[in-house]
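Engineer: build me a structure from this.
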Amino acid sequence: MTAGFDAATAAERDLVLRLASPPWRLRRSLAVETGLLQIRSEIIKEAKSAQAARAVRRNDAVDEAPHCCFDIPPAKVAIVAFAK
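Structural biologist: Next comes the predicted model:
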């Protein structure tokens, strides 16, 4: 960006560098911000995946747990209900 200016003195070179610095810093800060947002997005995706995996494991554990009165087959429950 500074190549387009023909600075003859040290003061002119300093002014050229001062003019070139803000756009460079802005581009750099935008790149850093974009990178941070991408990292944050990946962290959120990983957390959601882990949360979904935990929910699946919890549901599997509940499905595998014995169900106290539901362990009796439906036909026997009906026979007991009519016998009373």
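
Engineer: tell me the SS of A8?
Structural biologist: Under DSSP: H, G, I helix; E, B strand; the rest coil, the three-state class of A8 is coil.

Engineer: and for it, the neighbour number?
Structural biologist: By other Cβ atoms under 10 Å, 8 other residues sit near A8. In this view, the C-beta of every residue, glycine as well, is placed from N, C-alpha and C.

Engineer: got it, and Q38?
Structural biologist: Q38: 10 surrounding residues under other Cβ under 10 Å.

Engineer: okay, and it sits in which element?
Structural biologist: In this structure, Q38 is located in helix 10-64 according to DSSP states H and E.

Engineer: just checking, what packs against that helix?
Structural biologist: The elements that helix 10-64 packs onto, with contact taken as 3 or more Cβ pairs under 8 Å, 6 or more residues apart in numbering; DSSP states H and E, do not include any helix or strand.

Engineer: I'd like the average pLDDT over it.
Structural biologist: Computed over helix 10-64, the mean pLDDT rounds to 86.

Engineer: so how far is T34 from R40?
Structural biologist: The span separating R40 from T34 equals 11 Å under the rule Cβ to Cβ, to the nearest Å.

Engineer: likewise for R28?
Structural biologist: Here the criterion is Cβ to Cβ. By it, R28 lies 11 Å from T34.

Engineer: since that was my last question, I'll sign off now.
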